[in-house]
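Engineer: how would this look folded up:
(one chain, ligands or ions: 1)
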Amino acid sequence: MNVPLLDLKTQYARMQPEIMKVIEEICAQQSFILGAHVEHLEETLANFLGTKHTIGVASGSDALLLSLMELGIQPGDEVITVPFTFFASTGVISRLHARPVFVDVCADTFNFDPTQLADAITPRTKAILPVHLFGQCADMEAINEIAQAKGIPVIEDVCQAIGAVQNGTKAGAFGRTGCFSFFPSKNLGAFGDGGLISTNDSEITERLKLMRVHGSRSEYHHHLIGMNSRLDALQAAVLQVKFQYLADWTAMRQKNATRYRQLFHDSGLDEKVTLPVVGAGNTHVYNQFTIRTPRRDALNAHLTQKNIGNRIYYPVPLHLQECYETLGYHKGDFPAAEQAAQEVLSLPIYPELTDEQLVFVVQSIKDFFD
Ligand SMILES: Cc1ncc(COP(=O)(O)O)c(C=O)c1O
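Structural biologist: Next up is the predicted model:
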């Protein structure tokens with residue numbers, strides 16, 4: 001049996017007629033940049049997230065970059081974030097010549113540890129950037145409490161967690177802005193790159209809408225310095241079709257997670273591997289189902305040899321990346337992130353997995369430990 005880490009072809013096969021119809025419509029119109037399809041998607045996603053506005057942009061990385069630019073982040077400013085995430089969360093800070101200041105993650109949920117936040121704040125702190133890793137929210141109540149007390153804006157990295165909920169609020173509705181990615185492997189993925197920013201503030205929306213078109217209010221008149229970061233009509237139309245399935249896909253990911261937990265338990269693997277821990281008040285949308293074991297590298301090789309897709313997200317924490325040597329961090333600075341990088345392994349969790357495939361994955365892990 002072959003179990004890929006993700007199977008977008010099966011997903012596409014079901015939607016092919018609907019998707020080809022909108023693609024043909026747009027090709028007939030020959031109108032590709034922003035426009036009605038993007039506006040429709042922005043409205044749909046604002047309703048879904050429970051925020052007043054959303055702004056379609058070219059990628060999740062750009063959503064983060066534009067959010068920091070809109071905030072006026074300057075060289076030398078500090079932005080507090082985590083070292084256990086995809087590089088884009090901090091790369092955008094560095095691109096503005098600001099400094100990523102790390103706090104460790106919680107050992108169980110892999111998310112921003114709010115108990116370390118207060119000590120990381122300095123007079124140069126201009127933003128806090130929690131990441132909702134693998135599909136569940138960081139502890140936003142605790143983070144927002146400290147941020148509000150200090151008057152520091154919060155930018156949420158929601159790239160892996162569209163639809164995740166914490167105590168009734170959707171990820172992306174907690175911060176000044178929420179940043180989403182439509183990279184194809186996300187729970188809502190485009191046919192290429194795409195991104196979105198959510199916010200409740202109409203002035204921020206107005207500025208971001210200008211900034212994604214080089215700050216231009218009318219042609220060749222530039223009010224602000226921005227960049228080219230537009231969501232295109234083809235991506236928006238594809239995403240609009242796929243959005244209709246998002247709730248079902250999320251439910252199927254959650255069902256697969258429940259089934260994994262049962263199979264791991266029934267196989268007596270509870271002692272050998274640690275299953276994903278869901279934080280208090282969280283609804284997890286399982287962009288990844290990430291287990292941990294000290295024997296990770298050998299298990300990774302074993303599953304690959306059995307044709308079971310699996311990936312290490314992420315093998316090197318960001319404070320130990322070569323490009324960040326100049327930040328002056330060292331091994332041992334963030335023990336929870338460093339241990340996670342040694343032990344994590346993400347398993348297939350995509351909606352279309354069959355029960356036979358789930359059973360095969362867990363049986364193969366049992367064979368490895370036996
Ligand atoms: C946590 C996180 N932040 C940011 C990004 C960047 O998104 P994109 O690839 O759309 O630029 C990603 C996606 O890969 C991500 O997983």
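Engineer: A strand includes residue 299, no?
Structural biologist: No - checked against DSSP: H, G, I helix; E, B strand; the rest coil, residue 299 lies outside a strand; its state is helix.
Engineer: next, the nearest residue to residue 223 once chain neighbours are set aside: phi, psi?
Structural biologist: Sequence neighbours aside, residue 217 is the residue nearest to residue 223 in space, at 4.9 Å (criterion: C-beta to C-beta, 6 or more residues apart in numbering). To be clear about C-beta, it is placed using only N, CA and C from the backbone, and glycine gets the same treatment. With angles defined as degrees, to the nearest 10, residue 217 sits at phi -90, psi -40.
Engineer: tell me how far residue 217 lies from residue 226.
Structural biologist: 11 Å (C-beta to C-beta, to the nearest Å).
Engineer: now list whatever residues contact both of the two.
Structural biologist: Common contacts of residue 217 and residue 226 (C-beta atoms under 8 Å, 6 or more residues apart in numbering): residue 210.
Engineer: of the two, who's got more company?
Structural biologist: Counted by other C-beta atoms under 10 Å, residue 217 and residue 226 do not tie: residue 226 has more neighbours, with 20 against 12.
Engineer: what's near enough to touch the more buried one?
Structural biologist: 66, 69, 210, 211, 212, 213, 214, 215, 216.
Engineer: for residue 248, same thing?
Structural biologist: When contacts are counted by C-beta under 8 Å, 6+ apart, residue 248 is found next to residue 351.
Engineer: same question, residue 178
Structural biologist: 49, 51, 155, 156, 158, 171, 172, 197, 198, 199.
Engineer: what about 6 Å?
Structural biologist: Neighbour list for residue 178: 156, 158, 172, 198 [criterion: C-beta atoms under 6 Å, 6 or more residues apart in numbering].
Engineer: for residue 143, which non-adjacent residue is spatially closest?
Structural biologist: residue 114 (5.0 Å).
Engineer: so who does the one you found touch?
Structural biologist: Residue 114 is in contact with 139, 142, 143, counting by C-beta under 6 Å, 6+ apart.
Engineer: does the second one sit in a helix, a strand or a coil?
Structural biologist: Secondary structure assignment for residue 142 (three-state DSSP): helix.
Engineer: for it, give its distance to residue 118.
Structural biologist: Plainly put, residue 142 is 10 Å away from residue 118 if you go by C-beta to C-beta.
Engineer: for the stretch 51-200 of the chain, just list every one of the strands.
Structural biologist: 53-57, 78-81, 99-102, 125-128, 155-157, 165-166, 169-170, 177-181, 195-199 (DSSP state E, counting those that start in this stretch).
Engineer: what are the contacting residues of the fifth one?
Structural biologist: The reference is to strand 155-157. By C-beta under 6 Å, 6+ apart, strand 155-157 touches 67, 89, 127, 129, 131, 172, 174, 175, 177, 178, 179.
Engineer: still on that earlier bit, which of the contacts of residue 226 lies closest to the ligand?
Structural biologist: Comparing those against the ligand with C-beta to the nearest ligand atom places residue 66 closest, at 11.6 Å.
Engineer: hang on, the earlier thing: could the strands of the stretch 51-200 of the chain go into CSV alongside distance to residue 149 and mean pLDDT?
Structural biologist: Converted to CSV, the strands of the stretch 51-200 of the chain look like this (distance: least, C-beta to C-beta, whole Å; pLDDT from 0 to 100):
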stretch, distance to residue 149, mean pLDDT
strand 53-57, 26, 98
strand 78-81, 14, 98
strand 99-102, 18, 98
strand 125-128, 12, 98
strand 155-157, 18, 98
strand 165-166, 19, 98
strand 169-170, 19, 98
strand 177-181, 20, 98
strand 195-199, 21, 98
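Engineer: and the contacts of residue 226, which of them are buried?
Structural biologist: Neighbour counting by 16 or more other C-beta atoms under 10 Å classes 66, 69, 210, 211, 212, 213, 215 among those as buried.
Engineer: just give the number of residues close to the residue nearest to residue 12 when sequence neighbours are not counted.
Structural biologist: Nearest residue to residue 12, sequence neighbours excluded (C-beta to C-beta, 6+ apart): residue 19, at 7.3 Å. By other C-beta under 10 Å, the residues close to residue 19 number 18.
Engineer: now do residue 150
Structural biologist: 12.
Engineer: that one: what's it in contact with?
Structural biologist: By C-beta under 6 Å, 6+ apart, the contact set of residue 150 is residue 121.
Engineer: what pLDDT is listed against it?
Structural biologist: For residue 150, the pLDDT comes out at 98.
Engineer: roughly how far does it sit from residue 30?
Structural biologist: Taken as C-beta to C-beta, the span from residue 150 to residue 30 is 50 Å.
Engineer: likewise residue 256?
Structural biologist: Distance, residue 256 to residue 30, using C-beta to C-beta: 41 Å.
Engineer: ok, these two, which is more surrounded?
Structural biologist: Set residue 256 next to residue 30 and count neighbours by other C-beta under 10 Å: residue 256 wins out with 24 against 7.
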